[in-house]
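Novice: Compute the structure for the input listed below.
(2 chains)
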Amino acid sequence: MLRMDMDDHAAIQAVLAGDKEAYAALVVRHSRRLYRVAFRITGNQADAEDVVQEALLRGYRKLESFESRSDFGTWIYRIAVRCALDRIGGSKVDESSRVAETTNREQNGVQVADREAGPERLLLSGEIRAMQQIAMHGLSPTERTAFMLRHLEDRTTEEIAAAMGIEPSAAKQSVFRAVQKLRLRLATLRVKI
Amino acid sequence: MKHLSEEEMIAQVYGEGDKTTAKRHLEGCAECSKAYAGLQSDLAEMKFADPPELDAFYGERVWASLSGSLHAYRAPASSCWHPPSSAAGCGSRSARRRLPKSALARSSNRLCLFRTASASSWWFLAIIWTARNAC
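Specialist: This is a model prediction of the structure:
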């Protein structure tokens, strides 16, 4: 029987006192939020689930370094962001959705690896979202993570920097470069439609 | 007139940077205002797939798959004094400590060593003092 009645700090104290079952309260309370951010960064369900597991495991092992005045939710969120960043940094981009990085200097754009999708198919509304996913794969892991945290998770530059373990100026630059690249690529893809 | 850079516009869209100056410039500059509207429109269009819905027991399932790989932390020792006779055993007790090897465990080990050293010193001084009195 899981004990859900404890608040975060009481659960942490109990875990550090030897009651590992108390960690269940923290896992159940925070795993959905971690899953959401992990999915947004990694872009797929399987990786997101792995990231959640890894983040909660790392969190458990580092629990003694957690400062009692801090918020556990924020702390574990940052660990999850770093786990997700590690994952997309180390994993290869899916070949079927890779953007061919053959920049045409005259057009100042990129060409999509267009094996199956013809212009008609791209007109479907669902394909616009897919097109954005394709454009996302053109970003570096840092740019992708910073952009997702800014655009979808509504985090400030300082929060992004803290979560990713980088300087605020670097976080700001990453968001800026991501927006620039996405606009450029999406503009090129719209021309193809 | 100094126009807004794209970086400043992006900061403005996300509610950061020097809002007052940027807003004032956008109100008076048609060129920047048009570029800003284009940027806003592009960013508003960027909608990505929502994470798949999770069932009500997701958290429980995560815990079930995680709990087996977690080692319980050791509760901190209640007593902070070991008599000199037990000091020798202190090291071996420390060596048997289970994972996770924590900062707490490390500091506890240091305290244990300190206790051993100080107990030994007291014994040493007592022997010297007894020997001197005997002479």
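Novice: and the lengthiest helix in chain A, how far out from the chain's middle?
Specialist: Longest helix in chain A, counting residues (DSSP state H): helix A:168-192. Centroid separation for helix A:168-192 versus its chain: 16 Å, with CA atoms, centre = their mean, to the nearest Å.
Novice: what helices or strands is that helix leaning on?
Specialist: Contact here means 3 or more CB pairs under 8 Å, 6 or more residues apart in numbering or on different chains; DSSP states H and E; on that basis helix A:168-192 packs against strand A:109-112, helix A:119-122, helix A:125-137, helix A:141-151, helix A:157-164, helix B:6-13, helix B:30-45. C-betas here are computed from N, CA, C, even on glycine.
Novice: Averaged pLDDT, that helix. What do you get?
Specialist: Across helix A:168-192, pLDDT averages out at 87.
Novice: what angle sits between that helix and helix A:157-164?
Specialist: Following axes from the mean of the first three to the mean of the last three CA atoms, to 10 degrees, one obtains 100 degrees for the angle between helix A:168-192 and helix A:157-164.
Novice: list the buried ones in helix A:168-192?
Specialist: Buried residues in helix A:168-192, counted by 16 or more other CB atoms under 10 Å in any protein chain shown: A:170-179, A:181-186, A:188-189.
Novice: Same check on stretch B:15-33?
Specialist: So for stretch B:15-33, counting by 16+ other CB under 10 Å, buried means B:16-17, B:22, B:25-26, B:29, B:32.
Novice: So what's the residue count around residue 131?
Specialist: All of this refers to chain A. Counted with other CB atoms under 10 Å in any protein chain shown, the neighbours of A:M131 add up to 19.
Novice: nope, chain B please
Specialist: 9.
Novice: same question, B:G59
Specialist: So B:G59, with other CB under 10 Å, has 23 neighbours.
Novice: Neighbours of the residue nearest to it when sequence neighbours are not counted, how many?
Specialist: Counting by CB to CB, 6 or more residues apart in numbering or on different chains, B:G59 lies nearest to A:V28, which is 3.3 Å off, once chain neighbours are set aside. A:V28 is flanked by 19 other residues according to other CB under 10 Å.
Novice: Look up how far A:L184 lies from A:V28.
Specialist: Distance, A:V28 to A:L184, using CB to CB, to the nearest Å: 43 Å.
Novice: Can you pull the phi/psi pair for A:M6?
Specialist: The phi and psi torsions at A:M6 (degrees, to the nearest 10) take the values phi -80, psi 140.
Novice: same deal with the one 10 residues further on?
Specialist: A:L16 has phi and psi values of phi -70, psi -20 when expressed as degrees, to the nearest 10.
Novice: Find the residue closest to it in space, skipping its chain neighbours.
Specialist: That would be B:Y73: by CB to CB, 6+ apart, it lies 5.3 Å from A:L16.
Novice: So, low pLDDT: which residues of chain B?
Specialist: B:1, B:76-117, B:135 (pLDDT under 70).
Novice: Please apply the same query to chain A.
Specialist: Looking at chain A by pLDDT under 70, you get A:1-3, A:90-128, A:189-193.
Novice: Taking chain B, what residue is nearest to chain A?
Specialist: Nearest to chain A in chain B, going by CB to the nearest CB, is B:G59, at a distance of 3.3 Å.
Novice: quick one: that residue and A:L34, what's the gap?
Specialist: 10 Å.
Novice: next helix or strand past the helix or strand where the residue nearest to B:G59 lies?
Specialist: Taking DSSP states H and E as the definition, A:V28 sits inside helix A:23-42. Sequence order places helix A:45-61 as the next helix or strand after helix A:23-42, per DSSP H and E.
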